[in-house]
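Asker: Mind looking at a prediction? Sequence and model below.
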Amino acid sequence: MIRSFLIVALTTLAFLVSLPCTRSLAAESIVVDGIAAVVNKDVITYSQVRSVSGPRERLLQTQFKGEELAKQVKAAREAALKDLIDRQLIVQSFTNEKFELPEHFVDQRINDIIRESFGGDRQSFIKTLQAQNYSLTEFKKHERESIIVQAMRGKNVKVTTVIPPNKIEEYYAKHRAEFTAKEQIKLRMIMIPTHAAEGNTNAQRAIAEEILGKLAEGLPFDRLAQIYSEDSTRDLGGDWGWIERKTLAAPLEKVAFNLPVGRVSHIVELGDNFFILKVDERRGGETPSFAKMRPEIEKKLLQEESQRQQEAWLAGLRQKAYIRKF
């Protein structure tokens, strides 16, 4: 009853400030502080959530705007709150299991940070904490919890060192397309309108055949494109650059992606135009062998198994806990 009263009282006292719409979140109410969640008897505040999500939010503000930014920031804060809840559950489990962490372990961790990141200058370290409105006591608490979380994960998540060979083979077969580099061609194209509406189709086809003849004689494709082609790449010598499948209409794609490098196509009639294509270069389309991909697949499957075990352990902690989000 006392806990419920405390929760309601503290939540009611949360100070909300509405800011006008700027390049950040439009018309969003910013919570200066208050209760974000209760985990058993421990409280997680909004300021703690923002401390975790802050770097991610600053990055998002450079990538999104308006409603999409608000959506992305909300997701970042939800993820931060979830991480903080899990962290609190792990620390509580450490305490409930009667484990202890000697203070000198934490002190050694702090000394290592000062030595490695501040060249052994303790005063510089303290000034950095103060500039970030962080006390040494708060920092030591954070590092203590980090040591506990790392130790508890090591205790409860078994290290899997071997993945059955058949599992690796199955993964390779199932995800083969993901390992295949996208097939691309460097394409040039000449387009000649048929002028069918004016009854000039035969004359226009004759022009296309004349171009083929000149190409057969060795005249440069790019020069002929600049003279005859009537599409937007004319001034570029018909250069379409590197393209992937699904870029062109199906009939043109079929011809283009089956052309050997350096070869010129036959005349392709499509819609109201005649086309002549040439492939300058080709790349991608190859699938690495199983032997080459095996180490990478094995590493990925080991990581997935470790993540699965960790999530199962955390799910058990969550199930036994009193968790309330606000």
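Answerer: Yep, that arrived.
Asker: can we go C-alpha only for contacts and neighbour counts from here?
Answerer: Noted.
Asker: In which helix or strand does Val159 reside?
Answerer: Under the assignment given by DSSP states H and E, Val159 is not contained in any helix or strand.
Asker: wait, doesn't it sit right on Glu304?
Answerer: No. Counting by C-alpha atoms under 8 Å, Val159 sits too far from Glu304 to count as a contact (11.5 Å).
Asker: how about the helices in the stretch 101-250 of the chain?
Answerer: In the stretch 101-250 of the chain, the segments counted as helices under DSSP state H, counting those that start in this stretch are 103-118, 122-131, 136-156, 165-174, 176-179, 201-216, 221-228, 250-256.
Asker: And the fourth one, how far out from the chain middle?
Answerer: Helix 165-174 has its C-alpha centroid displaced from the chain centroid by 25 Å (C-alpha atoms, centre = their mean, to the nearest Å).
Asker: likewise the fifth one?
Answerer: For helix 176-179, the separation from the chain centroid amounts to 18 Å (computed by C-alpha atoms, centre = their mean).
Asker: so what does it touch, helix or strand wise?
Answerer: Contact here means 3 or more C-alpha pairs under 8 Å, 6 or more residues apart in numbering; DSSP states H and E; on that basis helix 176-179 packs against no helix or strand.
Asker: cool, and the last one?
Answerer: Where contact means 3+ C-alpha pairs under 8 Å, 6+ apart, helix 250-256 is packed against strand 273-283.
Asker: Quick check: buried residues in the helix or strand following the strand it packs on?
Answerer: The element immediately downstream of strand 273-283 (helix or strand, assigned by DSSP H and E) is helix 290-320. Going by neighbour count (16 or more other C-alpha atoms under 10 Å), the buried part of helix 290-320 is 294, 297-298, 301-302, 305-306, 309-310, 314, 317-318.
Asker: got those residues as a markdown table, with pLDDT and distance to Trp242 columns?
Answerer: What follows is the buried residues of helix 290-320, written out as a markdown table (pLDDT from 0 to 100; distance: C-alpha to C-alpha, whole Å):
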| residue | pLDDT | distance to Trp242 |
| --- | --- | --- |
| Arg294 | 92 | 30 |
| Ile297 | 92 | 30 |
| Glu298 | 92 | 33 |
| Leu301 | 92 | 34 |
| Leu302 | 91 | 37 |
| Glu305 | 89 | 39 |
| Ser306 | 89 | 40 |
| Gln309 | 91 | 44 |
| Gln310 | 92 | 44 |
| Leu314 | 94 | 47 |
| Leu317 | 95 | 52 |
| Arg318 | 95 | 51 |
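Asker: With respect to Val91, which of those is nearest?
Answerer: Proximity of the buried residues of helix 290-320 to Val91 was ranked by C-alpha to C-alpha; the top entry is Leu317 with 10.9 Å.
Asker: what residues are up against that closest one?
Answerer: When contacts are counted by C-alpha atoms under 8 Å, 6 or more residues apart in numbering, Leu317 touches 89-90, 93.
Asker: Turn those into JSON lines, columns for neighbour count and distance to Ile192.
Answerer: As requested, those are arranged in JSON lines below (neighbours: other C-alpha atoms under 10 Å; distance: C-alpha to C-alpha, whole Å):
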{"residue": "Leu89", "neighbour count": "22", "distance to Ile192": "70"}
{"residue": "Ile90", "neighbour count": "23", "distance to Ile192": "70"}
{"residue": "Ser93", "neighbour count": "16", "distance to Ile192": "75"}
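Asker: I'd like the list of those residues that fall within helices, please.
Answerer: 89-90, 93 (DSSP state H).
Asker: Columns pLDDT on top of those, output as a markdown table?
Answerer: Output for those, formatted as a markdown table (pLDDT from 0 to 100):
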| residue | pLDDT |
| --- | --- |
| Leu89 | 96 |
| Ile90 | 96 |
| Ser93 | 95 |
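Asker: Format those as TSV; extra columns: distance to Glu138.
Answerer: Formatted as TSV, the ones in helices among the contacts of Leu317 follow (distance: C-alpha to C-alpha, whole Å):
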residue	distance to Glu138
Leu89	19
Ile90	18
Ser93	21
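Asker: Could you list the domains of this structure?
Answerer: Following automatic domain parsing, the chain resolves into domains at 2-96, 103-156, 181-283.
Asker: hang on, the earlier thing: any idea which of the helices of the stretch 101-250 of the chain gets closest to Arg282?
Answerer: Each of those has some distance to Arg282 by C-alpha to C-alpha; the shortest is helix 250-256, at 10.6 Å.
Asker: buried set for the closest one?
Answerer: Using 16+ other C-alpha under 10 Å as the test for burial, helix 250-256 gives 252-253, 256.
Asker: next one: stretch 135-146
Answerer: Neighbour counts over stretch 135-146 (16+ other C-alpha under 10 Å) mark 140, 143-145 as buried.
Asker: again, but for stretch 205-212
Answerer: For stretch 205-212, by 16+ other C-alpha under 10 Å, it's 205, 207-208, 211-212.
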